[in-house]
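Chemist: generate a structure from the sequence data that follows.
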Amino acid sequence: MKNLTWQNPGQLFVAQELIKIVKLKCCGIKGIIVPESKYIERFEKVANPLDGQIRCKEEESRRLASLRDTLLPKLMSGELILDEANV
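Modeler: You can find the predicted model right below:
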């Protein structure tokens, strides 16, 4: 087996999937089809931007949850009052 280097997350994902396949093969699965590198590259062109968007949305979700957790108790207790005209 040749040495593999991970140039981007898509390649790492494919490698992780292949590792899972190897583990399954040890459990009695006979044959696995591995896509040619050109198909993996096509997949990466689509998947990598989506992966970046997912990471941005996850970070945004964490920030919004933190903001909610900070503000909601203050709103509920009356410590913070919002002026309806400015909302």
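Chemist: mind listing the helices for the protein?
Modeler: 9-26, 37-77 (DSSP state H).
Chemist: quick one: mean pLDDT for the shortest one?
Modeler: Read that as helix 9-26. When pLDDT is averaged over helix 9-26, the result is 61.
Chemist: and if you look at stretch 58-65?
Modeler: Averaged across stretch 58-65, the pLDDT comes to 97.
Chemist: got the CA coordinates for that stretch in PDB?
Modeler: Extracted in PDB, the C-alpha atoms of stretch 58-65 (Å, rounded to 0.1, in the frame of the first residue of the first chain):
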ATOM      1  CA  GLU A  58     -22.200  25.200  13.200                       C
ATOM      2  CA  GLU A  59     -20.100  28.100  14.500                       C
ATOM      3  CA  GLU A  60     -23.000  30.500  13.900                       C
ATOM      4  CA  SER A  61     -25.300  28.100  15.800                       C
ATOM      5  CA  ARG A  62     -23.000  27.900  18.700                       C
ATOM      6  CA  ARG A  63     -22.700  31.700  18.900                       C
ATOM      7  CA  LEU A  64     -26.500  32.200  18.700                       C
ATOM      8  CA  ALA A  65     -27.000  29.500  21.400                       C
END
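Chemist: what's around residue 79, how many residues?
Modeler: 9 (other C-beta atoms under 10 Å). C-beta here means a position set from N, CA and C on the backbone, and glycine is covered the same way.
Chemist: OK, contacts around it?
Modeler: Listed by C-beta atoms under 8 Å, 6 or more residues apart in numbering, the contact set of residue 79 reads residue 73.
Chemist: where's it relative to residue 65, distance?
Modeler: According to C-beta to C-beta, to the nearest Å, residue 79 and residue 65 sit 20 Å apart.
Chemist: again with residue 71
Modeler: When distance is defined by C-beta to C-beta, residue 71 is 11 Å away from residue 65.
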